[in-house]
Every structure is written in C-alpha cells, then in structure tokens.
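J.: Sequence below, structure please.
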Amino acid sequence: MNMNKTNPLLLDIPDYFESERLIIRAPKQGDGDALNEAVKESFDQLRPWMPWAQEIPALVDSESVVRRAHLKFMERTDLMLLLILKKSGQLVGCSGLHRIDWEARKFEIGYWVRTSFSKQGLITEAADAITDYAIHELQANRIEIRCDERNTQSAKVAQRLGFTLEGILRNDASGTDGTLRSTKVFSKVRGIEF
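T.: Numbers count the residues shown, from 1 in each chain. From the prediction side, this is the model:
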C-alpha cells in the first residue's frame, strides 16, 4: 500500500509504547483526574508558555480534554500522548504529535513536564521515544519542535536530541502575556538527520 495515499483513519498505529522509564500512551476515558492533578501542580510553570493554561481547570474540563484527545487520536488529527512513570503509574507530563500533515508526513512534537518531575530528563526521554515512533510507525519525513524563543528549557530538549535550529520566526505570535513573541523552529528531516 502506498503510504502517501493512505487515509490516516485507516492507519493501524500503536496507541501505546514505552521508553526506559515511561509508558507513553494515548489518553482515554478516566484520565482526567490524573491530568487535572498534574496541571494544577504545574500551573505556574505552564502559564507563561501554554495558551491553554491560563486558568486552573475544573476536573470536568480535564476529563473533557482527554476524551476529545482520544477522539482526535482515533481520527488521526492530533496525537496527544500521556507520559506515565513506569515505577509509580503517576502521570508526569504530556507530549504528542501535533499540526499533522499526513500528505507530507510532517509532525510537531509538543511537551510539558509536571513540576515535581522537572530536570530529571523525562521530557528528553519522551521526546526521543516519540521521535522514534514518528519515524518508524508514522514514516515521518519531517519532525519539528517549536518553542518560544524565551523558553530556554524547551529549546535545550530539541538541542539534546540533535534537532537542527532552522531559524527564528520573529514576532510571529502573541504570547500568553499579550506581548509579541518569537518562535524557534527546530527540525529533523528524513535523509539528513535520520
């Protein structure tokens, strides 16, 4: 079957895989409690960077998020992934593949880590496993990581994983504080980095 012409809905792709310390999986009904707890704990660290983290969510809102994310995963329009610590079963962050272009096989990795688990290399580990997933399971041609130019921690993840800084989009979006922000664009491209 020609992968470029395949309807994404018909792709049989794993909704669960593992890295050394993490279970990385699609969200499902009932994950709202764990997501809500992680977002509440990490709210102050998420707020400067994440447009969706401007108000502390109610539990029902978090459950709605995971149920919508499950539907989008099944539709193959957005692939949100929960990061679960193998040792404890605790949700330690979220990641996923977003802004998907199935014809070009282009994906963008997004991520955040729960505050109490920051600076332990979990996001680097997750993003590395998700990059591998995109290359081998989804036949990615291009994988991007984009971040606010001021978000040095996010940029360090891309650099540690060998993504190439292609450039900075100057004043391309409004930040969560209403000021103009610039966006760093990192990528890995088939035939060059993998």
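J.: to the chain's geometric centre, what's the distance from the longest helix along the chain?
T.: Determined from DSSP state H, the single longest helix within the chain is helix 59-75. Offset of helix 59-75 from its chain centre (Cα atoms, centre = their mean, to the nearest Å): 15 Å.
J.: on contacts alone, who are the packing partners of whichever helix or strand comes after that helix?
T.: Downstream of helix 59-75, the first helix or strand assigned by DSSP states H and E is strand 79-85. Counting contacts by 3 or more Cβ pairs under 8 Å, 6 or more residues apart in numbering; DSSP states H and E, strand 79-85 is packed against strand 22-25, helix 59-75, strand 91-101, helix 122-136. For every residue, glycine as well, the C-beta is placed using N, CA and C.
J.: then the longest one to CSV, C-alphas only?
T.: The one in question is helix 59-75. Presented in CSV, the C-alpha positions along helix 59-75 are these (Å, rounded to 0.1, in the frame of the first residue of the first chain):
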residue,chain,number,x,y,z
LEU,A,59,-11.9,18.3,36.9
VAL,A,60,-14.7,18.1,34.4
ASP,A,61,-12.7,20.3,32.0
SER,A,62,-9.7,17.9,32.2
GLU,A,63,-11.9,14.9,31.6
SER,A,64,-13.3,16.6,28.5
VAL,A,65,-9.8,17.3,27.3
VAL,A,66,-8.7,13.6,27.5
ARG,A,67,-12.0,12.4,25.9
ARG,A,68,-11.6,14.9,23.0
ALA,A,69,-7.9,14.0,22.7
HIS,A,70,-8.9,10.3,22.4
LEU,A,71,-11.3,11.1,19.6
LYS,A,72,-8.7,13.2,17.8
PHE,A,73,-6.2,10.3,18.2
MET,A,74,-8.7,7.9,16.6
GLU,A,75,-9.3,10.4,13.8
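J.: residues in contact with that helix?
T.: Outside helix 59-75, the residues within contact range by Cβ atoms under 8 Å, 6 or more residues apart in numbering are 8-9, 15, 26-33, 35-36, 39, 57, 78-80.
J.: mind exporting the worst-scoring helix or strand of the chain on mean pLDDT as PDB, just the C-alpha atoms?
T.: Counting by mean pLDDT, DSSP states H and E, the chain has its least confident helix or strand at helix 32-46, which shows a mean of 93. C-alpha atoms of helix 32-46 as PDB (Å, rounded to 0.1, in the frame of the first residue of the first chain):
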ATOM      1  CA  GLY A  32      -9.000  13.500  33.600                       C
ATOM      2  CA  ASP A  33      -8.200  13.100  37.300                       C
ATOM      3  CA  ALA A  34      -4.500  12.500  36.700                       C
ATOM      4  CA  LEU A  35      -4.300  15.200  34.100                       C
ATOM      5  CA  ASN A  36      -6.000  17.700  36.300                       C
ATOM      6  CA  GLU A  37      -3.700  16.900  39.300                       C
ATOM      7  CA  ALA A  38      -0.600  17.400  37.100                       C
ATOM      8  CA  VAL A  39      -1.800  20.600  35.500                       C
ATOM      9  CA  LYS A  40      -2.800  22.100  38.900                       C
ATOM     10  CA  GLU A  41       0.600  21.300  40.400                       C
ATOM     11  CA  SER A  42       2.400  22.700  37.300                       C
ATOM     12  CA  PHE A  43       0.100  25.700  36.600                       C
ATOM     13  CA  ASP A  44       2.600  28.500  37.500                       C
ATOM     14  CA  GLN A  45       5.300  26.900  35.200                       C
ATOM     15  CA  LEU A  46       2.900  26.200  32.400                       C
END
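J.: Okay then, goodbye and thanks.
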